[in-house]
Structures are given as structure tokens and as C-alpha cells.
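>>> Sequence and computational prediction follow.
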Amino acid sequence: MEFADVLRRRKMVRSYTDEPVPPGVVARIVERARKAPSAGFSQGLRFVVVTEPDGRRAVANAGGEEWYTERGMSTWLSQAPVHVVVCVREEDYHERYSRADKLQADGTEIEWPVPWWYADAGKAIMLLLLCAVDEGLAAGMFGLHDTAACREALGIPEDVTPVGVVTIGHAGAAKVEGSRSKFPWKPLEEVVRWEHW
């Protein structure tokens with residue numbers, strides 16, 4: 001599939017069929033996503049792939065599925081046959097930037113004006129979404145309302161932070177109206193500046 005086609009087809013899917021995704025396909029998607037750009041090649045990303053129904057329900061609960069269903073939305077969070085919980089280990093960045101080639105002139109670690117570990121998680125999330133589309137699948141994403149519950153359900157260590165969950169599967173027939181269908185894209189001139197603000 002051409003990259004332009006992948007971009008055109010990428011959307012946040014909120015309905016999935018029960019058809020499973022072959023483990024080899026899931027492994028290929030995660031293998032590609034783990035190669036997301038990483039600040040200083042810190043490689044602080046961690047992924048937890050969840051395909052068992054009980055695990056998916058636990059992750060969906062941590063994502064607030066009940067809150068959504070109370071407002072008339074479907075159970076798409078737990079319905080998706082694959083969850084990829086994207087996590088970061090901040091300490092990997094501090095360890096990397098404590099090495100000689102990254103230390104400041106005075107021998108100290110840089111001050112992080114932006115927590116790049118979260119930027120790296122965002123890069124990985126986008127790669128997961130695009131790789132799923134490239135494999136002919138559908139994908140969506142949800143945030144965690146209760147990271148502690150997710151951490152406990154999946155045995156995620158305390159020094160690893162769950163950031164978000166990418167759902168992967170075969171798109172269901174249900175047409176679920178999301179924000180994109182309610183709001184237009186902002187005009188290009190509102191979001192892009194050239195040479196100066």
C-alpha cells in the first residue's frame with residue numbers, strides 16, 4: 001500500500017468485528033512501532049499486547065468504558081480483539097542522558113524543557129495506527145482514566161507509565177460518529193505558520 005493511501009485510510013475506529021487478528025500480524029505491527037524515533041536513542045518505550053478477553057476488559061475498564069456506555073456509546077474498547085498498551089520508562093531517558101556523549105559541559109544531565117518520553121510514546125502510537133492500516137486492519141486509540149488499575153491488571157512495574165492504548169482489529173459495520181464527523185478540520189492557515197508566527 002502506498003504511504004498516501006495509508007494516511008488517507010487512517011481514522012479512529014470505534015467498532016470492531018469478533019474476527020481475531022493473526023498473532024504474526026500483531027507481532028509485525030509491534031516490531032515496526034518499537035522502532036519509533038527516540039530522544040537520544042533512549043529506547044524508553046514498552047508495549048503490553050493484550051488479546052485475551054479478561055485482559056481487554058480490564059484495560060477497557062481502566063479506559064473508562066463504563067463512562068462511555070452510560071452515554072450511549074458502544075463497548076468498542078473491550079470489543080477490539082487487540083489492545084497495545086503503550087508505556088514509557090522515564091528512567092531510560094535519564095540513564096541515556098547521564099552518559100558522556102549527552103552530558104552538558106558542566107557534567108550534568110540536561111534540564112528537560114519537555115518530557116520527551118511522552119513525545120516518543122506519541123510517535124509509537126501513530127506508528128501503531130499506521131502499521132495497522134498498512135496491514136489492512138482498523139485501529140483506534142483511547143486514553144487511560146485509571147493508570148493504576150491498568151498497571152495492576154497487567155503487572156506493569158511502578159517505574160513504567162502506561163500512556164495510552166491502541167486498539168486493532170477488523171472494522172465493524174456500526175457507523176460510530178466521532179469528533180471528526182462533528183467538527184471540520186481547522187483551516188491550514190490557522191495551524192501552520194511560515195518562517196515566523
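Yes, it's here.
>>> Would you agree Val59 falls within a helix?
Yes. Assessed by DSSP: H, G, I helix; E, B strand; the rest coil, Val59 belongs to a helix.
>>> Tell me who's in contact with it.
Residues in contact with Val59 (Cβ atoms under 8 Å, 6 or more residues apart in numbering) are 50, 77-78, 83, 85, 150, 153-154, 165. All C-beta atoms are positioned from the backbone trio N, CA, C, and that covers glycine.
>>> Same list (these) but as TSV, adding secondary structure and distance to Ile125.
TSV is the format used below for these (DSSP: H, G, I helix; E, B strand; the rest coil; distance: Cβ to Cβ, whole Å):
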residue	secondary structure	distance to Ile125
Val50	strand	15
Leu77	helix	16
Ser78	helix	19
His83	strand	12
Val85	strand	11
Cys150	helix	15
Ala153	helix	20
Leu154	helix	17
Val165	strand	9
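>>> Can you name the residues bridging to Ile168?
Beta-bridge pairing of Ile168 under DSSP bridges involves Val82, Ala139.
>>> Ala138 is in contact with that one, correct?
Yes. Between Ile168 and Ala138 there is a contact under Cβ atoms under 8 Å: 7.4 Å.
>>> Which neighbours do those two have in common?
Common neighbours of Ile168 and Ala138, using Cβ under 8 Å, 6+ apart, are Ala132.
>>> OK, contacts around the spatially most central residue of the chain?
For the chain, the residue nearest the mean C-alpha position is Ile125 (3.2 Å; Cα atoms, centre = their mean). For Ile125, the contacting residues are 86, 141, 163-164, 166, by Cβ under 8 Å, 6+ apart.
>>> Strands - which of the residues you listed land there?
Mapping the contacts of Ile125 onto strands (DSSP state E) picks out 86, 141, 163-164, 166.
>>> give me the low-pLDDT residue ranges for this protein?
Scanning the chain for pLDDT under 70 picks out the ranges 174-181.
>>> Which parts of it are helices?
For the chain, the helices defined by DSSP state H cover 3-9, 23-33, 53-62, 65-70, 76-79, 90-96, 116-134, 147-154, 179-182, 188-191.
>>> Name the stretch among those helices that sits most buried.
Mean neighbour count (mean count of other Cβ atoms under 10 Å) peaks for helix 76-79 among the helices of the chain, with a mean of 22.
>>> That helix - contacts with which helices or strands?
Judged by 3 or more Cβ pairs under 8 Å, 6 or more residues apart in numbering; DSSP states H and E, the packing partners of helix 76-79 are helix 53-62, helix 65-70, strand 161-169.
>>> what about those, which gets the closest to Arg28?
Shortest distance between Arg28 and the helices and strands packed on helix 76-79, using Cβ to Cβ, is found for strand 161-169: 11.4 Å.
>>> Just the CA trace of that closest one, in PDB.
The C-alpha atoms that make up strand 161-169 are tabulated as PDB, following Å, rounded to 0.1, in the frame of the first residue of the first chain:
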ATOM      1  CA  THR A 161       4.000   4.500  32.900                       C
ATOM      2  CA  PRO A 162       1.100   3.400  30.700                       C
ATOM      3  CA  VAL A 163       0.300   6.300  28.300                       C
ATOM      4  CA  GLY A 164      -2.500   5.100  26.100                       C
ATOM      5  CA  VAL A 165      -4.000   2.100  24.300                       C
ATOM      6  CA  VAL A 166      -4.100   1.400  20.600                       C
ATOM      7  CA  THR A 167      -7.000  -0.900  19.500                       C
ATOM      8  CA  ILE A 168      -6.500  -3.100  16.500                       C
ATOM      9  CA  GLY A 169      -8.900  -5.400  14.600                       C
END
